[in-house]
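# what would the 3D arrangement of this be:
(one chain, ligands or ions: 1)
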Amino acid sequence: MITLSDVSKTFTLHNQGSAVIEVLTGVDLAVASGECVALTGASGAGKSTLMRMIYGNYRAQSGAIRVGGTDLVQAEPREIIRIRRETLGYVSQFLRVVPRVPTLDVVAEPLRVVGVPQDEAQARARALLSQLNIPERLWSLSPTTFSGGEQQRVNIARGFAHAYPAMLLDEPTASLDAANREVVLSLIEEAKARGAAIVGIFHDEAARARVCDREVDVSRFTPARAA
Ligand SMILES: Nc1ncnc2c1ncn2[C@@H]1O[C@H](COP(=O)(O)OP(=O)(O)OP(=O)(O)O)[C@@H](O)[C@H]1O
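Numbers count the residues shown, from 1 in each chain. Below you'll find the predicted structure:
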């Protein structure tokens with residue numbers, strides 16, 4: 001479902017004499033349907049860079065990144081937007097708050113954009129918001145003024161609303177209390193059970209051990225640097 005072949009990434013620092021930093025090289029990774037792979041490795045090894053390349057935020061220098069058959073390295077922006085809408089979800093710790101949109105609509109939106117009828121989308125949004133312990137009195141308000149933890153849970157509800165065939169998870173359980181962490185872990189387990197291919201960064205070791213099938217240490221793709 002998610003396949004990376006011989007992917008490499010360099011950054012050119014235009015404000016520092018065009019210095020070129022090689023971050024990743026020779027990345028090969030295949031994540032099957034129903035499988036969850038954890039990216040590990042020391043800080044700076046390139047975990048976030050790899051996730052951003054899979055999501056199409058960073059373009060790889062070379063190689064191919066296929067998600068459901070489309071190569072994101074070669075894809076046109078329009079195609080990347082379509083993949084993100086239909087195929088590839090991304091759950092981070094932080095909500096990008098859209099002003100004035102009620103929480104219920106924020107969560108239902110990923111379903112609306114793939115054509116799910118309003119009542120069905122809202123029913124799923126309600127179920128997720130209650131599962132994640134967001135009080136019902138908040139559902140009609142914009143999450144702009146919500147606490148950090150509430151925004152994080154709204155973001156998770158939104159991220160799991162549509163049954164994406166592939167998902168990227170960036171520390172989805174970070175800073176959650178035990179009860180909500182448990183809800184998120186079961187959402188990940190449900191996504192796997194319905195066949196989602198998942199790549200994630202989990203600093204929470206117990207969470208990683210529970211939901212991930214294997215770990216890939218990205219430092220093995222770090223180019224040897226001249227001392
Ligand atoms: N936009 C960028 N421009 C230049 N260098 C970058 C950029 N993004 C990342 N890097 C560099 O790439 C390397 C890998 O960074 P990355 O954030 O992917 O590591 P990480 O493994 O996710 O680290 P952490 O666990 O600390 O989040 C670092 O040396 C970083 O400085």
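# just checking, next helix/strand downstream of the helix or strand Val184 falls within?
If you go by DSSP states H and E, Val184 is part of helix 178-193. Tracing the chain past helix 178-193, the next element assigned as helix or strand by DSSP H and E is strand 197-201.
# ok so Val27 is a strand residue?
Yes. Assigned with DSSP: H, G, I helix; E, B strand; the rest coil, Val27 falls within a strand.
# who does it form a beta bridge with?
With DSSP bridges applied, Val27 shows beta-bridge pairing to Val7.
# and the gap between it and Leu169?
From Val27 over to Leu169 the distance is 18 Å, taken as CB to CB, to the nearest Å. C-beta: built from backbone N, CA, C; applies to glycine.
# Thr173 against Glu205, yeah?
No. With contact defined as CB atoms under 8 Å, Thr173 does not count as touching Glu205 (10.8 Å).
# of those two, which one has the most company?
A side-by-side neighbour count of Thr173 and Glu205, using other CB atoms under 10 Å, places Thr173 first with 24 against 10.
# next up, the contacts around that one.
With contacts taken as CB atoms under 8 Å, 6 or more residues apart in numbering, Thr173 has the following neighbours: Arg181, Val184, Leu185, Phe202, Asp204, Ala207.
# from these, which is closest to the ligand?
Closest approach to the ligand among the contacts of Thr173 (CB to the nearest ligand atom): Phe202, at 11.3 Å.
# okay, who's weakest in the contacts of Thr173 by pLDDT?
Taking pLDDT as the measure, these have their low point at Asp204 (92).
# okay, now it: neighbour count?
Using other CB under 10 Å as the criterion, the residues surrounding Asp204 number 18.
# now it. Nearest residue, chain neighbours left out?
Leaving aside its chain neighbours, Asp204 sits nearest to Thr173 (4.9 Å; criterion: CB to CB, 6 or more residues apart in numbering).
# the one you found: what secondary structure?
Under the three-state scheme (three-state DSSP), the conformation of Thr173 reads as coil.
# for it, give its distance to Thr103.
For Thr173, the distance to Thr103 - CB to CB - is 21 Å.
# next: Leu111.
Taking CB to CB as the criterion, Leu111 is separated from Thr103 by 14 Å.
# so for these two, which sits in the more crowded spot?
Comparing Leu111 with Thr103 by other CB under 10 Å, the one with more neighbours is Thr103, at 25 against 21.
# how much space separates the more buried one from Leu129?
In this view, Thr103 and Leu129 are 7 Å apart by CB to CB.
# for Ala30, give me its contacts.
Under the criterion of CB under 8 Å, 6+ apart, the contact partners of Ala30 comprise Ile2, Thr3, Leu4.
# looking at these, which is nearest Glu120?
Within the set of these, Ile2 lies nearest Glu120; the separation is 27.7 Å, counting by CB to CB.
# the closest one contacts Val199, doesn't it?
Yes. Ile2 sits in contact with Val199 when judged by CB under 8 Å, with a separation of 6.2 Å.
# mutual contacts of the two, please.
Overlap between the contact sets of Ile2 and Val199, as judged by CB under 8 Å, 6+ apart, is given by Leu29, Val31, Ile54.
# so where's this protein shaky on pLDDT?
By pLDDT under 70, the weakly predicted segments of the chain are 225-227.
# quick one: name the residues of it near the ligand.
Applying CB under 6 Å from any ligand atom, we find that the chain lies next to the ligand at Phe11, Ile21, Val23, Gly41, Ser43, Gly44, Ala45, Gly46, Lys47, Ser48, Thr49.
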